[in-house]
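> Here you go, sequence then predicted model.
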There are 2 protein chains.
Amino acid sequence: MANNDAPIRVALLGAGTVGSQTARLLVEQADELEARVGRRMELVGIATLDPVEAPWIDQSIVTNDAAELATRADIVIELIGGIEPARTFILKAIDNGASVVTANKALLAKCGPEIYAAAREHGVDIYFEAAVGGAIPIVRPLRESMVGDRINRIMGIVNGTTNYILDEMTTKGLDFDEVLKAAQDAGFAEANPTADIDGFDAASKAAIMACLAFHRDVRIDDVHVEGIRNITAADIAAAKALHRVIKLLAVVKQNDKDEISAGVYPVMLPETHQLAKVGGSFNAVFVEGEASDDLMFYGRGAGGAPTASAVVGDVVTEARHRVHSTVGPDIPLYSNAPILDAADDTSSYMLRMSVFDKPGVLANAALVFAKHGVSIKTVQQVEAEGDDGTHELWVITHAVSDRQIREVVEDLEKSVNDIKSVLTVIRVFEG
Amino acid sequence: MANNDAPIRVALLGAGTVGSQTARLLVEQADELEARVGRRMELVGIATLDPVEAPWIDQSIVTNDAAELATRADIVIELIGGIEPARTFILKAIDNGASVVTANKALLAKCGPEIYAAAREHGVDIYFEAAVGGAIPIVRPLRESMVGDRINRIMGIVNGTTNYILDEMTTKGLDFDEVLKAAQDAGFAEANPTADIDGFDAASKAAIMACLAFHRDVRIDDVHVEGIRNITAADIAAAKALHRVIKLLAVVKQNDKDEISAGVYPVMLPETHQLAKVGGSFNAVFVEGEASDDLMFYGRGAGGAPTASAVVGDVVTEARHRVHSTVGPDIPLYSNAPILDAADDTSSYMLRMSVFDKPGVLANAALVFAKHGVSIKTVQQVEAEGDDGTHELWVITHAVSDRQIREVVEDLEKSVNDIKSVLTVIRVFEG
């Protein structure tokens, strides 16, 4: 730890969009931040393999030796991303007595609990506000503000690309492929969009939130993942007809038997729900606490400056700790609550089916649901749009397990002659 | 400070709705909280002048001597409210080396800076998450998560009663008095509703948020306050016609000349704004950061259990500090930024006028605006509803000072024969 009056040494690993903006805030607001911390912070090095040019970047502190830089700072900011070498650099920094600020969701979702434990053992801090929801303060509220409460469920819109795509489909009636292509052309979506649209990015954030909410070791492999690739304009139209919207949610919950589940999947939400109103590429995290009731945190989930604001908030928090020779809260993962198999997780579902216009189709379908113990909440027959003699049957079930609903779908498609196909199976949340 | 293995002693001053729920959470969740803190917390006393009965309250620790209780705890929870004797008890606790958790917005808005300084001098913590926005984590995000950013403006719906009243007026077309009476009959509004509807409750929260956001000593007396008593059903209908809603907002802002202003007043917001969607008695705080961009925090602003969840979150945070012999961040109020007189604060305004149906009325009115240097953004003439030969003129101005708009109104009412009266003057925010 630094001497009493020596500046607090800050090292920045990674100088991409977020890294460059982080450097900017640290340099341009140095005086203001000094007043808030009570001591000067000095950016002692920026490690990057690519050249980085910006008016606020002092080239004399740029290095390509991140491992060495990680050993000569009080606070190490890791913005490299990915598992290795980021993991090694972070553990080296901790081993060396530095505290770490990171935005690395993939690493924390895979190795978070080891890193949290290493920080605790070495009496240093690990902060990662920017790893979930970008600029949105959600990690600190979960770690500290809500630590006196029992959290029942968190639903997060934590991926801006997919929210943008679904929002465009909803407001413009476009199909998935069209919107994706337009988003890629405009630079809103990656050329390889898999991490976003197949839900993997959101799944990392789900794992991190589950650890914090339930005080249990939950990893990315515990998260059940479904993306939005199969959502069609017709699904969106059906949702609209039912006064609902489709959102890709990261859902972590603990039921009344204290069983935990974590998943990422599209959900039909009532259009009056606060999350339904989150448009464009904004993110929002909706938290249901036993005592606190419903809370929502809304803001920019990505972008250089917004994400950097969360990083610098963590850096200042840690710098204050250094000034007072104190540490922040650790992340105790003491719970042994069981994690449910995805197949055992329960939800209400909507099935959208293409059926032939014959008498008895509804009765036959209903028999299949009954056979698997699935209770039906509502049924709606919808006029055909095409001219092959089919129309649509929309069924919304009461809460059933994922396994049950899959059995129902299999049976419906195999055994009922008057059902042409099951078009969509999607979870329905009432709130 | 307690010994290494001795329980952390918690004293509760006040046992009203929030106090009783705080005791419940501390007692019923004692095992879970112990796991999170790493040591047992013991509720050593509950000070109240009224008898309090609940299954979770151990009568043997109930006392009427709050001053004495405040001296024998590691953490003192102050839920008495009001200025005195709460202030004396808090300072006594701090003087005695205890950290303090309070929900007392009135006290902090009046004496916060002295209390923060006392805590700093004695090396103890003062936490008050529940003082603004009840269950909503907003104090900690402002103190810590956003501490690396420059905050430009905060707009808060921080009073549930007034939001409920305005929401009922908006959704049901009712007039203010009807809704207030219904709310009082249903127990949602106080028999003496002044603190809520005249904006004083929100003003306390504005002062607290301004300190945290701008690192400056801002007090309740610095807050300009207007309530919602004069908002009519016709105002709400006019807002609706303009695709806007009327909300009572606590607004604290720092302009690009670094001048600060703090106020509570009704504002017309676009109906697409996130704050416009906050219904019923919910609260929400919308924060505009330079780097973070827009953030919103939403949840229950009042109620026993929700508010208690925030109190207990603070208690657990502080208990963790005690376990590790550390302290949390202090509240440095180093800024000397000027605080604007309310008259010099600027906004766009809407004026709703009753005018006689004569040629030249618009031209005459426009001359008055021009005379005072007030530039008009839009004008709309609206068909009369009554039959006294009047119709309505709706004028929305560009940004002007409060002083200017008052001069315009005075002149309009005095000097223009064809204007019957200025019905409403209300601020308009575009976002």
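Happy to help now that I have it.
> quick one: A:M41 and chain B, what's the gap?
10 Å (Cβ to the nearest Cβ, to the nearest Å). Where you see a C-beta, it was placed from the backbone N, CA and C, and this is true even at glycine.
> Now do that residue: how many residues are near it, please.
Using other Cβ atoms under 10 Å in any protein chain shown, A:M41 has 24 other residues around it.
> can you tell me how far the residue lying closest to it once chain neighbours are set aside sits from A:K247?
Sequence neighbours aside, A:I8 is the residue nearest to A:M41 in space, at 4.8 Å (criterion: Cβ to Cβ, 6 or more residues apart in numbering or on different chains). Distance from A:I8 to A:K247, counting by Cβ to Cβ, to the nearest Å: 41 Å.
> For the stretch 101-250 of chain A, what lies in contact range of chain B?
A:129, A:135-137, A:140-141, A:144-150, A:215 (Cβ under 8 Å from any Cβ of the partner chain).
> can I get these in a markdown table with secondary structure and pLDDT?
Shown next, in a markdown table, are these (DSSP: H, G, I helix; E, B strand; the rest coil; pLDDT from 0 to 100):
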| residue | secondary structure | pLDDT |
| --- | --- | --- |
| A:E129 | helix | 97 |
| A:A135 | coil | 96 |
| A:I136 | coil | 97 |
| A:P137 | coil | 96 |
| A:R140 | helix | 95 |
| A:P141 | helix | 96 |
| A:E144 | helix | 92 |
| A:S145 | helix | 93 |
| A:M146 | coil | 94 |
| A:V147 | coil | 92 |
| A:G148 | coil | 92 |
| A:D149 | coil | 95 |
| A:R150 | coil | 96 |
| A:H215 | coil | 97 |
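> Can you tell me which of these are buried?
A:129, A:135-137, A:140-141, A:144-150, A:215 (16 or more other Cβ atoms under 10 Å in any protein chain shown).
> which one of those residues sits closest to A:T170?
A:I136 (22.1 Å; Cβ to Cβ).
> What residues does A:V218 make contact with?
If you count contacts by Cβ atoms under 8 Å, 6 or more residues apart in numbering or on different chains, A:V218 has them with A:207, A:210-211, A:252, A:260, A:262, A:339.
> for A:R406, phi and psi?
When read as degrees, to the nearest 10, the backbone of A:R406 gives phi -70, psi -40.
> Could you check which residue of the stretch 51-200 of chain A lies nearest chain B?
A:G148 (2.9 Å; Cβ to the nearest Cβ).
> List the residues that contact that residue.
A:291, B:25, B:29, B:33, B:309, B:311-316.
> Output the residues you listed in JSON lines, with distance to A:A86 appended to each entry.
Shown next, in JSON lines, are those (distance: Cβ to Cβ, whole Å):
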{"residue": "A:A291", "distance to A:A86": "37"}
{"residue": "B:L25", "distance to A:A86": "38"}
{"residue": "B:Q29", "distance to A:A86": "36"}
{"residue": "B:L33", "distance to A:A86": "34"}
{"residue": "B:S309", "distance to A:A86": "35"}
{"residue": "B:V311", "distance to A:A86": "38"}
{"residue": "B:V312", "distance to A:A86": "36"}
{"residue": "B:G313", "distance to A:A86": "31"}
{"residue": "B:D314", "distance to A:A86": "34"}
{"residue": "B:V315", "distance to A:A86": "36"}
{"residue": "B:V316", "distance to A:A86": "31"}
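> Filter those down to the buried ones and hand me the ChimeraX line.
Buried members of the contacts of A:G148, defined by 16+ other Cβ under 10 Å, are picked up in ChimeraX with:
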select /A:291 /B:25,29,33,309,311,312,313,314,315,316
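> Mind picking the two most distant members of the residues of the stretch 101-250 of chain A next to chain B?
By the measure Cβ to Cβ, A:A135 and A:R150 form the most distant pair in those, at 27.3 Å.
> Give the bridge partners for the nearest residue to A:E226 once chain neighbours are set aside, please.
Closest residue to A:E226 apart from its sequence neighbours, by Cβ to Cβ, 6+ apart: A:Y265 at 4.1 Å. Beta-bridge partners for A:Y265, by DSSP bridges, are A:L249.
> Let me see the contact set for A:Y265.
A:199, A:224-226, A:248-249, A:251, A:427.
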